[in-house]
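Q: here is my input, please return the structure:
(one chain, ligands or ions: 1)
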Amino acid sequence: MRHPTDDLGERHFRLLAAVRSRREYCSPWKDLAVAGVVALAAVLGAAIGSFLNVVIHRLPRGESLVHPRSRCPSCQTQIAGYDNLPVISWLVLRGRCRACGEPISPRYPAVELLTAVSFAAVAGARGVDEELIVLLPFTAVLIAVAGIDLDHRIVPNRIVVPAAVYGVAASALVRAGELPELLLAGAGAFMFLLLAALAYPGGMGMGDVKLAGVMGLYLGLSVLPALFIAFLAGTAVGVVRIAREGGEARKSGVPFAPFLALGGLVALLVGPELIDLYEDNFLS
Ligand SMILES: [Zn+2]
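A: Here you go, the predicted model:
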């Protein structure tokens, strides 16, 4: 006579086998999907990086971002489409203009490569996730703002204000449950940097304060490690510069947005892990 539990046991076994085979069947496809998204993000990042070069160069000058097409800064020859491929064209042309042979700054391919790698890393860290429509634009904003602050010592409202609006709107679409945390983190980071800017006038500008607020809107609680890294890196570079250049460095100051951007990128990749690390080591 068959005992009812035998049947149950067999069903259980069959179910387990089905789950196992399903997992084996699924996982290579899932890995492939992630690899595909990472590769796609890298290509997208290279193209966006090419546009960020235009933004960094033209936006602070109040020029249009779409017209005219890119020209060689030396001879003003319009750059053909096939000479405007991110990174690749610069390598093929060995860093020189095809028309006049003058060198083209390695900064252009560097920004393209940095954007490609950052996009791929963020996509790899998050996997196939709709949050990428919030996080990849944020990555681009960080790189653009860092480049503009390095060149002009400003953090333009024309970037941080739309970035704040987009961050809240897109988060409401794909991660509405996190909105309270994001808004709180934005307000908190804004207030914290505002106090720091008031305490050390000349160290930071209102642009940095607004950027920190925007970072909170995108990063939530991870804005804490982001700000920590920014202050740590900014202080380290400041100390080295003052040691090497003396009072001159203190007078000219250091643009702070690139450090905020660095902290923001690190927090995008490993922010929650850094918070866990802190909790495990200092709070338990
Ligand atoms: Zn030229």
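Q: excluding sequence neighbours, find me the nearest residue to the spatially most central residue of the chain.
A: Centroid-nearest residue in the chain: Thr139, 2.3 Å away (criterion: Cα atoms, centre = their mean). Spatial nearest neighbour of Thr139, excluding adjacent residues (Cβ to Cβ, 6 or more residues apart in numbering): Ser118 at 5.1 Å. Yep, even glycine has a C-beta here, placed from its N, CA and C like the rest.
Q: quick one: that neighbour is in a helix?
A: Yes. Counting by DSSP: H, G, I helix; E, B strand; the rest coil, Ser118 is part of a helix.
Q: burial count for it?
A: Around Ser118 there are 24 other residues, counting by other Cβ atoms under 10 Å.
Q: quick check, it in contact with Val266.
A: No. Taking contacts as Cβ atoms under 8 Å, Ser118 lies outside contact range of Val266: 10.7 Å.
Q: what residues are up against the residue lying closest to Asn84 once chain neighbours are set aside?
A: In this structure, Asn84 finds its nearest non-sequential neighbour in Ser70, 6.2 Å apart by Cβ to Cβ, 6+ apart. Ser70 makes contact with 54, 78-79, 84 under the criterion Cβ atoms under 8 Å, 6 or more residues apart in numbering.
Q: phi, psi of Arg96?
A: Here is the backbone geometry of Arg96 (degrees, to the nearest 10): phi -130, psi 150.
Q: so Leu274 makes contact with Pro225?
A: Yes. If you go by Cβ under 8 Å, Leu274 and Pro225 touch, sitting 4.0 Å apart.
Q: gap between stretch 75-86 and the chain center?
A: Distance of stretch 75-86 from the chain centroid (Cα atoms, centre = their mean, to the nearest Å) equals 27 Å.
Q: hmm, I typed the wrong one, I wanted stretch 65-78.
A: 27 Å.
Q: close to the ion: what parts of the protein are there?
A: Counting by Cβ under 5 Å from the ion, the positions of the chain adjacent to the ion are 72, 74-75, 97, 99-100.
Q: residues making contact with stretch 273-282?
A: Stretch 273-282 is contacted by residues 221-222, 224-225, 266-267 when judged by Cβ under 8 Å, 6+ apart.
Q: return the set of buried residues in it.
A: Leu274 (16 or more other Cβ atoms under 10 Å).
Q: so for it, mean pLDDT?
A: Per-region confidence: stretch 273-282 scores 89 on mean pLDDT.
Q: let me know how buried the residue lying closest to Ser89 once chain neighbours are set aside is, in neighbour terms.
A: Spatial nearest neighbour of Ser89, excluding adjacent residues (Cβ to Cβ, 6+ apart): Asp83 at 4.9 Å. Here the number of neighbours of Asp83 (other Cβ under 10 Å) works out to 19.
Q: so what's Asp83 up against?
A: Shown in contact with Asp83 (Cβ under 8 Å, 6+ apart): 89, 93, 98.
Q: Leu224 too?
A: By Cβ under 8 Å, 6+ apart, the residues touching Leu224 are Ile275.
Q: and the pLDDT for it?
A: pLDDT, read off for Leu224, is 96.
Q: what's near enough to touch Lys210?
A: Lys210 is in contact with 155, 157, 160-161, 164, 190, counting by Cβ under 8 Å, 6+ apart.
Q: make it 7 Å
A: With contacts defined as Cβ atoms under 7 Å, 6 or more residues apart in numbering, Lys210 is in contact with 155, 160.
Q: picking that back up, the contacts of Ser70, buried ones only, as a PyMOL selection?
A: Selection of buried members from these for PyMOL, criterion 16+ other Cβ under 10 Å:
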select buried, resi 54+79
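Q: of the contacts of Ser70, which is the nearest to Ala125?
A: Val54 (27.4 Å; Cβ to Cβ).
Q: can you redo the contacts of Ser70 as a markdown table with pLDDT?
A: Below are these laid out as a markdown table (pLDDT from 0 to 100):
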| residue | pLDDT |
| --- | --- |
| Val54 | 94 |
| Gln78 | 91 |
| Ile79 | 89 |
| Asn84 | 88 |
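Q: is it possible to get CSV of the contacts of Ser70 that adds distance to Ala169?
A: Below are these laid out as CSV (distance: Cβ to Cβ, whole Å):
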residue, distance to Ala169
Val54, 24
Gln78, 36
Ile79, 35
Asn84, 32
